[in-house]
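Asker: this is the structure alone, sequence omitted:
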């Protein structure tokens, strides 16, 4: 079978279908769809679907901050 179905692919498909922008964890970890699960699944069971909001707080590197993933669907 050449079309391997991965957990990352299943999660990405679900998030896109339901208009989410990525994953969020209350441990202050988040990832966007374009960099989904960069930790290769470590702690992924603590994540929930989230959406992107504009940066409204100070970041470690404000020059690269384009927003943050927060828990829940888009308002």
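Answerer: Yep, that arrived. Bear in mind the structure is a predicted one, so any value in this text is a computation, not a measurement.

Asker: ok, residue 54 to residue 3 distance?
Answerer: Distance check for residue 54 against residue 3: by C-beta to C-beta, to the nearest Å, it reads 37 Å. Where C-beta positions appear, they are placed from N, C-alpha and C, glycine not excepted.

Asker: have a look at these two and say which one is more surrounded.
Answerer: Neighbour count, other C-beta atoms under 10 Å: between residue 54 and residue 3, residue 54 has more, with 8 against 5.

Asker: report whether the expected contact of that one with residue 70 is present.
Answerer: No: using C-beta atoms under 8 Å, residue 54 is not in contact with residue 70, being 10.7 Å away.

Asker: gap between the longest strand seen in the chain and the chain center?
Answerer: In the chain, assigned by DSSP state E, the strand with the most residues is strand 48-53. Its chain's average C-alpha position is 6 Å from that of strand 48-53, according to C-alpha atoms, centre = their mean, to the nearest Å.
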